[in-house]
Structure formats: structure tokens, C-alpha cells
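Trainee: Would you be able to build a 3D model of this:
(one chain, ligands or ions: 1)
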Amino acid sequence: MTTTAPEPFGARLRRVMDERGPLCVGIDPHPSLLADWGLGDDIAGLETFTRTAVAALADRVAVLKPQSAFFERFGSRGIAVLERAVADARAAGALVLMDAKRGDIGSTMAAYAAAYLDPASPLFSDAVTLSPYLGYGSLRPALDLARESGAGVFVLALTSNPEGAEVQHAVRADGASVAATVLGRLREENAGAAPMGSYGAVVGATLGDTLGANGVDPAINGPLLAPGIGAQGATPADLPRVFGAAVRNVVPSVSRGVLRHGPDPAGLRASAVRFAEEVRAAVG
Ligand SMILES: O=c1ccn([C@@H]2O[C@H](COP(=O)(O)O)[C@@H](O)[C@H]2O)c(=O)[nH]1
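Mentor: Below you'll find the model as predicted:
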């Protein structure tokens, strides 16, 4: 029996970015948003919020990014809502990036990889966010399983929050910063991939021109998830200054900035369209 290799995440992402534009919308059911939408801070509220957001957006944005923490806080019933959201979003044509920021020693990392990157898992997603702070090499089980299953990863490099710099700009004995080291490893992982690799980085849209000032090159021949647009103060117009020539691989991400326009599905869609237009105007 012959089996066909799955199409790599990088190729699938490039295609949906070309078709729909590169916007990623986060599904972050904050307690305050549930209240604003007239919903209870309970499992019924979580379910209505999530279904509404997915139904409004999954047939038009490139990527939906559920924030796992907001589902985990409801225990197993929250995870069931998350599983359903992943399936519904993928069925409507969006790629799902599970924002779980997992990272652990290699043997445990293999279990996290099985949870998100094994197609047999109920939480299988097109990609997952990973934290490299147990050492980039500890992520190997996830990197290998992603390659096998045609999934992707986004490794934290330079996060959008101001506290990240003290760790990420720290300089190693050889003079390279932690962030530049993570980006360099991803560049190696993506070498030779076309149209782009499946190993992405998280680089905040909030960073202004600090990348250049710190000698960090975001060109990794892979996708660059850029959170921080909207509630954290960045705008699509900031993207060229942050990313320079690598801006073509940027997946700009906004959560509360769109979700605050719910619960009316038309309001959510109109907001996503506005952000998408601003991205197109800024990036081309
Ligand atoms: O550097 C990072 C990495 C991840 N995030 C996540 O993105 C969303 C941002 O939500 P907004 O409402 O658009 O501020 C959230 O889930 C974060 O955990 C990030 O902000 N920065």
C-alpha cells in the first residue's frame, strides 16, 4: 500500500494567505467579553461565544487561533468546546493555530506533540505555538511530528509583551541573543522549503524597530505570527517597520480588537474586513 505525504503546513498556509489575505483572528473568550456579549461566565456562555465567533469568521479569515487557556479554565467541558471549535473552523476552510505555548523536556514534549500534532488526536490542529525556554532542542518531538503530519509550529522568539525582552534579548556567551538563536534554528529548519517552511516564529507587532537595533533578522523562510494588533496597541501600519522585507511572511493576529464587535456576526465580520483592508494597505 502506498501512502501520500500530507501537504506541508507552510504550503497550505501560503495558499490560504493568497486566497483570503493573511489575517489571523484569535478566539479568546475573556470573562469580560462574555459579559459584554450578554453571556454567562460558564460553559453555556463559552459555547455560544465560540460557536458564534467561529461561524462568523472561519469561512473568510486565513487562520483562527483559539487561546487554549480560556477553554482550559472550564475543565473537560471547556476542552470539549475547544475540540468542536477546531473541527468547525477547519471544516469551514480556516487553518487552526492552537495557542497553547507548550514546552517541556523532550519526553514530555512528545506527549504535547501527540495532543496537537497527531492527526488521530481530538485536538489535532494545523499548527501549535511552542515555548523554547527549555532549550530549542527539547522541541524536537514536536518539530518531527509536525513534519510527518503536515502540521506547523510557531515558536516564541520575540513576544508582544514588554516583559519578554529581558529574556529574549539576553545575550549568550557567543554574542547571539536568545531571540536571534531561536530564529536561526527555525531558519535552518525551513532551509530549501518552498513556497515557505512550516516552522514559524512568534514576533510581536508591538516591537517597533527594536529588531534591527538588536541585530535580529526575522527572515526565516517561514511564517511569522505577529500578535499585538488591536488591544495591545499595534496597528497593521506598524508591520513594515517591524518586519522589513520579511513582511510577506507575516500573519498579523488580532483577538479582542475583533471580538469586541460581537455578538452580532455582521459586526465581527466587518471588523475582520477592516483589519484585513488595513493589512493590505500596509503590506500590499
Ligand atoms: O507574543 C505573544 C504571543 C501570543 N499572544 C497571544 O495572542 C493573543 C492576543 O490577544 P489580543 O486580544 O489581540 O491582545 C492572546 O491570546 C495572547 O495570549 C500575544 O498576545 N503575544
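
Trainee: Now stretch 16-25: buried residues?
Mentor: 16-17, 20-25 (16 or more other C-beta atoms under 10 Å). Any C-beta I mention is one placed from the backbone N, CA and C, and that applies to glycine too.

Trainee: Quick check: helices, which of these are part of them?
Mentor: Of the buried residues of stretch 16-25, the ones assigned to helices by DSSP state H are 16-17, 20.

Trainee: and the buried residues of stretch 16-25 as a markdown table, adding distance to Ala281?
Mentor: Output for those, formatted as a markdown table (distance: C-beta to C-beta, whole Å):
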| residue | distance to Ala281 |
| --- | --- |
| Val16 | 20 |
| Met17 | 16 |
| Arg20 | 16 |
| Gly21 | 11 |
| Pro22 | 13 |
| Leu23 | 13 |
| Cys24 | 18 |
| Val25 | 18 |
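
Trainee: For the closest residue to Gly164 other than its chain neighbours, which residues are in contact?
Mentor: Leaving aside its sequence neighbours, Gly164 sits nearest to Leu158 (C-beta to C-beta, 6 or more residues apart in numbering; 6.6 Å). Residues in contact with Leu158 (C-beta atoms under 8 Å, 6 or more residues apart in numbering) are 164-165, 168, 179, 201-204, 207, 210-211, 216.

Trainee: residue ranges of the helices in the stretch 51-200 of the chain, please?
Mentor: Remark: helices assigned in the stretch 51-200 of the chain by DSSP state H, counting those that start in this stretch are 68-72, 75-91, 106-117, 140-149, 165-168, 178-189.

Trainee: can you put those in CSV and add mean neighbour count?
Mentor: Listed next are the helices of the stretch 51-200 of the chain as CSV, based on neighbours: other C-beta atoms under 10 Å:
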stretch, mean neighbour count
helix 68-72, 19
helix 75-91, 17
helix 106-117, 19
helix 140-149, 19
helix 165-168, 15
helix 178-189, 21
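
Trainee: Need these in TSV (columns: distance to the ligand).
Mentor: Formatted as TSV, the helices of the stretch 51-200 of the chain follow (distance: least, C-beta to the nearest ligand atom, whole Å):
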stretch	distance to the ligand
helix 68-72	7
helix 75-91	13
helix 106-117	16
helix 140-149	17
helix 165-168	10
helix 178-189	12
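
Trainee: between these, which gets nearest to Pro31?
Mentor: Closest of those to Pro31 is helix 68-72, at 8.6 Å (criterion: C-beta to C-beta).

Trainee: mind saving the C-alpha coords of the closest one as PDB?
Mentor: Taking Å, rounded to 0.1, in the frame of the first residue of the first chain, the C-alpha atoms of helix 68-72 are listed here in PDB:
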ATOM      1  CA  SER A  68      -6.300  27.300  24.900                       C
ATOM      2  CA  ALA A  69      -6.200  28.900  28.400                       C
ATOM      3  CA  PHE A  70      -9.700  30.400  28.100                       C
ATOM      4  CA  PHE A  71     -11.100  26.900  27.400                       C
ATOM      5  CA  GLU A  72      -8.900  25.000  29.900                       C
END
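
Trainee: so what secondary structure elements neighbour the lowest-mean-pLDDT helix or strand in the chain?
Mentor: Least confident element among the helices and strands of the chain, by mean pLDDT, DSSP states H and E: helix 210-213 (a mean of 88). Judged by 3 or more C-beta pairs under 8 Å, 6 or more residues apart in numbering; DSSP states H and E, helix 210-213 is in contact with no other helix or strand.

Trainee: List the buried residues of it.
Mentor: Leu211.

Trainee: can you check stretch 92-103 too?
Mentor: Using 16+ other C-beta under 10 Å as the burial criterion, the residues of stretch 92-103 that qualify are 94-103.

Trainee: quick one on the thing from earlier: could you save the helices of the stretch 51-200 of the chain as TSV and add columns showing mean pLDDT?
Mentor: Converted to TSV, these look like this (pLDDT from 0 to 100):
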stretch	mean pLDDT
helix 68-72	98
helix 75-91	98
helix 106-117	98
helix 140-149	98
helix 165-168	94
helix 178-189	98
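
Trainee: so where do the strands sit in this protein?
Mentor: 24-27, 63-66, 95-102, 127-130, 152-158, 199-203, 224-226, 250-254 (DSSP state E).

Trainee: Perfect, I'm done here.
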